[in-house]
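K.L.:
got a structure for you, letters missing:
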C-alpha cells in the first residue's frame with residue numbers, strides 16, 4: 001500500500017509541476033517576462049486613451065441605463081439591463097473579492113491591492129469595449145434567445161474563425177475551472193474550516209442546487225442572480241465598512257502601506273514569493289483580472305442577452321462592473337485585512353498564522369468585529385456560500401454559450417451535466433491545483449479577446465462617437 005501511495009503522490013507532484021509550467025507559459029514567468037501582464041495592461045491603456053477615458057465621462061449615463069430608464073420590453077433579448085449586469089456581476093463579485101484579494105495579499109503583500117486597483121481602472125474601458133462589440137455582433141436564435149461573446153465578433157468582424165474557436169474552447173474550459181471548481185473548492189474549504197463539514201457533502205449539496213437553477217436556462221439564472229447578488233453584496237459591504245469605521249484611525253496608514261508596498265513589497269509569506277516587485281505586481285493583476293474579468297471576454301456573453309437595440313448602451317452598463325467589483329468590494333476586503341493586521345497575524349506563541357484564501361478574510365472579520373464575540377467570520381462564510389453559488393450559476397451560462405458556438409444546441413445539455421459534476425470535483429480537490437488550473441484557463445481565454453479588442457478599436461470608436469452624438473430620451 002505504501003508503494004501505491006508513493007506512486008500516486010509522485011504522479012500528483014508531476015501534475016502540479018506541469019500545471020505550474022503551463023501557467024508560466026501563459027502568464028509569463030514573473031522574474032523573466034510577465035507577458036500576460038503587459039498584454040492586459042497595454043490593451044487597457046490603449047482602449048482607454050482611444051475612447052477618451054469613457055469610463056470617467058459616461059458614469060451618469062451608465063447609472064441611468066442600469067436603473068431601467070431606457071428599458072424597452074419590445075427589444076430583442078432575454079433579460080433587462082439590470083439583470084444582465086447582475087448576471088455578469090454574479091460571475092465577478094464572489095470568490096475573487098474574498099479569497100482572491102486574500103490570496104494576492106498573502107503572496108504579494110498589501111501592495112498587490114494597488115495593482116488590483118490599476119487593473120480595475122483600466123478594466124472599465126475593456127468591459128465597455130468587449131460588451132459593446134458583443135451586442136453588435138450577437139446572434140438571435142430561432143427561439144428568440146440571444147447568443148453573443150468574443151467568439152461572435154472575432155469571427156464576424158475579423159473573419160478569424162480559428163481565433164474564435166480558440167476563445168470558445170478556452171471559455172468552455174475556464175467555466176469549469178475559474179467559474180466552477182475554484183468557487184466550489186472555496187465554499188468547501190470555508191465550511192470545513194468553520195463547521196468541520198466534509199468537503200464531499202458540501203460538493204454534493206452545491207452540485208444539486210446548481211443543477212436545479214442552470215437547467216432552467218438564462219431567464220431563471222437572471223432571476224436568481226438579480227436577487228442573490230445585490231442581497232449578499234449589501235450584507236458583505238456593510239460588514240467590511242463597519243470594520244473600517246471601528247478602525248478609522250488605521251485606515252490612512254493602511255492606504256499608505258498599500259501604496260508604498262506596491263513598489264517595495266512585503267509579502268506575508270516572507271521569503272521569495274512575496275519579496276519582489278514583479279511578484280507583487282503579477283499577483284495583484286492576476287487576482288484583479290480574476291475578480292473583475294475585464295478583458296477576459298466572459299461578461300460580454302451575459303450582456304449579449306440584454307434587451308436593447310443599442311450596443312453602446314449595454315457596453316456603458318457593463319463598464320460599471322469593475323467599479324462595483326474591484327474598486328469598491330475588493331478595496332473593502334483588502335483594507336479590512338490590512339487594518340486588522342490579519343495579513344501578518346501571529347498566534348499566541350508569536351508564530352505567523354500564514355492564513356490564505358477565504359480563511360484570511362474570515363479572520364479579518366472575526367478580529368475586526370469584536371462585539372460579535374469572534375463570530376464575525378461567519379459573515380464571510382455566508383458571503384462565500386452565496387457569492388460562489390451565484391458565480392457558478394452565471395459561469396454555467398458562459399460555458400454553455402461557448403459550447404453552443406462550437407458544437408451547436410445538442411451539446412448544451414450534456415455540457416450542463418458535466419458542469420454540475422465538476423462542482424463536486426472542485427470541492428474535493430486541492431487548493432494549489434484548482435487555482436492554477438483556473439489561472440491557466442483564464443489567461444488562455446483572455447489572449448484572443450485582447451487581440452480582437454485592439455483590432456476592432458476603430459469600429460468601436462466609430463460606434464461610440466455616433467451613439468453619444470445623439471440625444472437619448474427615456475423609454476415611455
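P.N.:
Everything's here; your move. Small disclaimer: the values here were computed from a predicted structure and weren't measured.

K.L.:
how about the strands of the stretch 101-250 of the chain, start to end?
P.N.:
139-140, 146-147 (DSSP state E, counting those that start in this stretch).

K.L.:
Identify, out of those strands, the most deeply packed stretch.
P.N.:
strand 146-147 (a mean of 22; mean count of other C-beta atoms under 10 Å). All C-beta spots, glycine's among them, are computed from the backbone N, C-alpha and C.

K.L.:
strands paired with that strand, and their directions?
P.N.:
If you go by DSSP bridges, strand 146-147 pairs up with strand 139-140 (antiparallel).

K.L.:
can you give me the helices in the stretch 1-150 of the chain?
P.N.:
Ranges of helices in the stretch 1-150 of the chain, per DSSP state H, counting those that start in this stretch, are 2-27, 35-50, 54-57, 59-66, 81-92, 95, 101-108, 111-136, 150-153.

K.L.:
which one of these lies closest to residue 326?
P.N.:
Residue 326 sits nearest to helix 111-136 of all those, at 3.1 Å, using C-beta to C-beta.

K.L.:
possible to save the strands of the stretch 101-250 of the chain as CSV with mean pLDDT and distance to residue 317?
P.N.:
Conversion of the strands of the stretch 101-250 of the chain to CSV gives the following (pLDDT from 0 to 100; distance: least, C-beta to C-beta, whole Å):
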stretch, mean pLDDT, distance to residue 317
strand 139-140, 80, 19
strand 146-147, 78, 15
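
K.L.:
Which among those is found nearest to residue 427?
P.N.:
In terms of C-beta to C-beta, the element of those nearest to residue 427 is strand 146-147, at 29.7 Å.

K.L.:
on that earlier part again, Throw the strands of the stretch 101-250 of the chain into TSV and include distance to residue 212, thanks.
P.N.:
TSV is the format used below for these (distance: least, C-beta to C-beta, whole Å):
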stretch	distance to residue 212
strand 139-140	27
strand 146-147	23
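
K.L.:
Compare the ones you listed and report which one is nearest to residue 104.
P.N.:
Among those, strand 146-147 sits nearest to residue 104 (C-beta to C-beta), with 33.6 Å.

K.L.:
Give me the distance from the closest one to the chain's centre.
P.N.:
Centroid separation for strand 146-147 versus its chain: 22 Å, with C-alpha atoms, centre = their mean, to the nearest Å.

K.L.:
Can you list the low-confidence ranges for the stretch 251-400 of the chain?
P.N.:
Along the stretch 251-400 of the chain, the model assigns pLDDT under 70 to residues 265-275, 290, 345-353.

K.L.:
Strands of that one, residue ranges please.
P.N.:
Counting by DSSP E, counting those that start in this stretch, the stretch 251-400 of the chain forms no strands at all.

K.L.:
quick one, helices of it?
P.N.:
Using DSSP H, counting those that start in this stretch, helices in the stretch 251-400 of the chain cover 251-261, 277-292, 299-303, 311-318, 320-324, 331-339, 357-368, 377-407.

K.L.:
most packed of those?
P.N.:
Of all those, helix 299-303 carries the top mean neighbour count, a mean of 33, counting by mean count of other C-beta under 10 Å.

K.L.:
For that helix, name the packing helices and strands.
P.N.:
Applying 3 or more C-beta pairs under 8 Å, 6 or more residues apart in numbering; DSSP states H and E, we find helix 299-303 packed against helix 81-92, helix 111-136, helix 311-318, helix 377-407.

K.L.:
Distance to residue 202 added to those, as CSV?
P.N.:
Output for those, formatted as CSV (distance: least, C-beta to C-beta, whole Å):
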stretch, distance to residue 202
helix 81-92, 20
helix 111-136, 28
helix 311-318, 32
helix 377-407, 9
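
K.L.:
between those helices, which one is nearest to residue 231?
P.N.:
helix 377-407 (7.7 Å).

K.L.:
What separation do you get for residue 213 and residue 307?
P.N.:
Look at residue 213 and residue 307: by C-beta to C-beta, to the nearest Å, they are 21 Å apart.

K.L.:
Relative to residue 144, which of the helices of the stretch 251-400 of the chain is closest?
P.N.:
Nearest to residue 144 among those is helix 377-407; the distance by C-beta to C-beta comes to 14.8 Å.

K.L.:
After that closest one, which helix or strand is next?
P.N.:
Using DSSP states H and E, the helix or strand that follows helix 377-407 in sequence is helix 412-428.

K.L.:
now for that next one, which elements pack on it?
P.N.:
Using 3+ C-beta pairs under 8 Å, 6+ apart: helix 412-428 touches helix 161-176, helix 182-195, helix 199-214, helix 377-407.

K.L.:
Tell me how far the closest residue to residue 119 other than its chain neighbours lies from residue 330.
P.N.:
In space, and not counting its chain neighbours, residue 119 is closest to residue 288: 3.0 Å by C-beta to C-beta, 6 or more residues apart in numbering. Per C-beta to C-beta, residue 288 is found 8 Å from residue 330.

K.L.:
Give me the common contacts of these two.
P.N.:
Listed as contacting both residue 288 and residue 330 by C-beta atoms under 8 Å, 6 or more residues apart in numbering are 116, 120.

K.L.:
Quickly, which of the helices of the stretch 1-150 of the chain bottoms out on average pLDDT?
P.N.:
Of all these, the minimum mean pLDDT falls on helix 81-92 (a mean of 59).

K.L.:
Of all the helices and strands packed on helix 299-303, which one comes closest to residue 295?
P.N.:
For those, proximity to residue 295 was assessed by C-beta to C-beta; helix 111-136 is nearest, at 4.2 Å.

K.L.:
How about residue 232: what's its closest non-neighbour residue?
P.N.:
Nearest residue to residue 232 in three dimensions, chain neighbours excluded: residue 386, at 4.2 Å (C-beta to C-beta, 6+ apart).

K.L.:
To clarify, my last question referred to residue 147.
P.N.:
Among residues not flanking residue 147 along the chain, residue 139 sits closest, at 4.8 Å (C-beta to C-beta, 6+ apart).

K.L.:
for residue 124, same thing?
P.N.:
Leaving aside its sequence neighbours, residue 124 sits nearest to residue 55 (C-beta to C-beta, 6+ apart; 3.6 Å).

K.L.:
Just give the number of residues close to that neighbour.
P.N.:
Number of residues near residue 55 (other C-beta atoms under 10 Å) recorded here: 25.

K.L.:
ditto for residue 245
P.N.:
Applying other C-beta under 10 Å, we find 10 other residues in the vicinity of residue 245.

K.L.:
try residue 239
P.N.:
Residue 239 has 21 nearby residues by other C-beta under 10 Å.

K.L.:
residues touching it, list them.
P.N.:
Residue 239 neighbours (C-beta under 8 Å, 6+ apart): 365, 369, 376, 379.

K.L.:
how much space is there between residue 144 and residue 393?
P.N.:
Applying C-beta to C-beta, the value for residue 144 to residue 393 is 22 Å.
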